[in-house]
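> Let me see the structure of the following:
(chains A and B)
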Amino acid sequence: MKLATWNVNSLKVRLPQVLQWLETTPVEVLCLQELKMDQPVFPIDEIEAAGYQAVWFGQKTYNGVAILVRKGLLVEDVEYGIPGYDDEQRRVIAATVNGIRVIGAYFVNGESVDSPKYTYKLHWLSQLEGYVAASLARWPRLALLGDYNIAPEDRDVHDPEGWKEQVLCSTPERDAFKRLIGLGLTDSFRIFNDEDRQYSWWDYRAAMFRRNLGVRIDHILVSDALRPDALECVIDKVPRKWERPSDHTPVVLTLAAQ
DNA sequence: ATGGCTGTCCCTGACAGA
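Model (predicted):
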């Protein structure tokens, strides 16, 4: 069973690429972020025609998340947003797929450490932490996938000195990431890959992708109960090379579990 | 190189992304 995450930066623009990618990489679960589309216009017909079911939490212009699941798999207990947290921004969706709790999240960017958006980011992270803790208690086999907008370590950044204590890399953000790990989660990519210069996002500008100057901010965390099933986690750079790409590229986790 | 690029909206420039 494969689980993947991809910030598509507009599903309207990227739908053909999502469908093309699924043809060659028919994952069982695909979490999407930054749909940038309102709830009613989600392209469910095209997605169903491609052999997938979906749940989504859309929003006009910004944010928006979805979980695509191959037809035939059991989808249960869908949650939209973080229960009890009245957040106007639609960033979280969760569902249980064949017994595995899948949380797809588009973490707050934060803009810069002196921005009100950064304050919101830290608050949002504390809300997410509580939600993940409660989810783990109910569903021990859990994966948290998404665009974290956090580079966990200096080796996840092309220019650690330039990014030092900047947004995505600041100590409070990295501490929040570590608190998620402390709940009993593991960064699945680092189980299998110890290399530096492994990125999931590259700025559109200044040929950053061609020069491999990026950051690793898209992650798949697996719970202690799920971790023994993890077989592989890879960053698929192929869609980033396509015409008119998202600035993020997919991350794919392979599980032994059905 | 403090700029560069991309997407959305009703707006042809501003905002947001990371």
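> Can you tell me what sits against stretch A:33-53?
Residues from elsewhere that reach stretch A:33-53, judged by C-beta atoms under 8 Å, 6 or more residues apart in numbering: A:5-12, A:15, A:19, A:22-23, A:26, A:30, A:54, A:56-66, A:68-71, A:73, A:75, A:91, A:104-106, A:146-147, A:248. Quick note: C-beta positions are derived from backbone N, CA and C, even for glycine.
> at 7 Å what do you get?
Residues from elsewhere that reach stretch A:33-53 (C-beta atoms under 7 Å, 6 or more residues apart in numbering): A:7-12, A:15, A:19, A:22, A:54, A:56, A:58-66, A:68-71, A:75, A:106, A:146-147.
> Does A:Phe189 touch A:Cys233 like I think?
Yes. If you go by C-beta atoms under 7 Å, A:Phe189 and A:Cys233 touch, sitting 4.5 Å apart.
> which residues are common contacts for those two?
Common neighbours of A:Phe189 and A:Cys233, using C-beta under 7 Å, 6+ apart, are A:Ile220, A:Val251.
> so the residue most central in space within chain A is in which element?
In chain A, the C-alpha nearest the mean C-alpha coordinate belongs to A:Gly146, at 1.0 Å (C-alpha atoms, centre = their mean). A:Gly146 is part of strand A:142-147, with elements assigned from DSSP states H and E.
> C-terminal to that strand, what's the next element?
helix A:160-163.
> for chain A, which helix is longest?
helix A:116-138 (DSSP state H).
> just checking, what packs against it?
In this structure, helix A:116-138 packs against strand A:100-106, strand A:142-147, helix A:171-182, with contacts taken as 3 or more C-beta pairs under 7 Å, 6 or more residues apart in numbering; DSSP states H and E.
> Residues contacting the shortest one, please?
When contacts are defined by C-beta under 7 Å, 6+ apart, strand A:142-147 is touched by residues A:3, A:5, A:7, A:31, A:33, A:100-107, A:132, A:135-136, A:185, A:217-218, A:220-223, A:226, A:248.
> Near DNA strand B, list only the ones from the residues you listed.
Contacts with DNA strand B within the contacts of strand A:142-147, as defined by C-beta under 7 Å from any atom of the strand: A:Asn7, A:Ile217, A:His248.
> thinking the second one is in contact with A:Tyr148, fair?
What it means is A:Ile217. Yes. Using C-beta under 7 Å, A:Ile217 makes contact with A:Tyr148 at a distance of 5.5 Å.
> Of these two, which one has the most company?
A direct count of neighbours by other C-beta atoms under 10 Å for A:Ile217 and A:Tyr148 places A:Tyr148 higher, at 28 against 23.
> The more buried one and A:Phe107 touch, don't they?
Yes. Between A:Tyr148 and A:Phe107 there is a contact at 4.7 Å, judged by C-beta under 7 Å.
> before we move on, the earlier item: contact partners for the closest residue to the residue nearest to the centre of chain A other than its chain neighbours?
Distance criterion C-beta to C-beta, 6 or more residues apart in numbering; nearest residue to A:Gly146, sequence neighbours excluded, is A:Ala105 at 3.8 Å. The contact partners of A:Ala105, by C-beta under 7 Å, 6+ apart, come to A:Arg91, A:Val92, A:Leu128, A:Leu144, A:Gly146.
> and what of A:Thr61?
Counted by C-beta under 7 Å, 6+ apart, A:Thr61 has contacts A:Lys36.
> Now do the SS call for it.
coil (DSSP: H, G, I helix; E, B strand; the rest coil).
> what's the spacing between it and A:Ile235?
Taking C-beta to C-beta, to the nearest Å as the measure, A:Thr61 falls 28 Å from A:Ile235.
> Next, count neighbours for A:Ala95.
Neighbours of A:Ala95 (other C-beta under 10 Å): 23.
> next one: A:Leu3
With neighbours defined by other C-beta under 10 Å, the count for A:Leu3 comes to 29.
> Great, nothing more from me.
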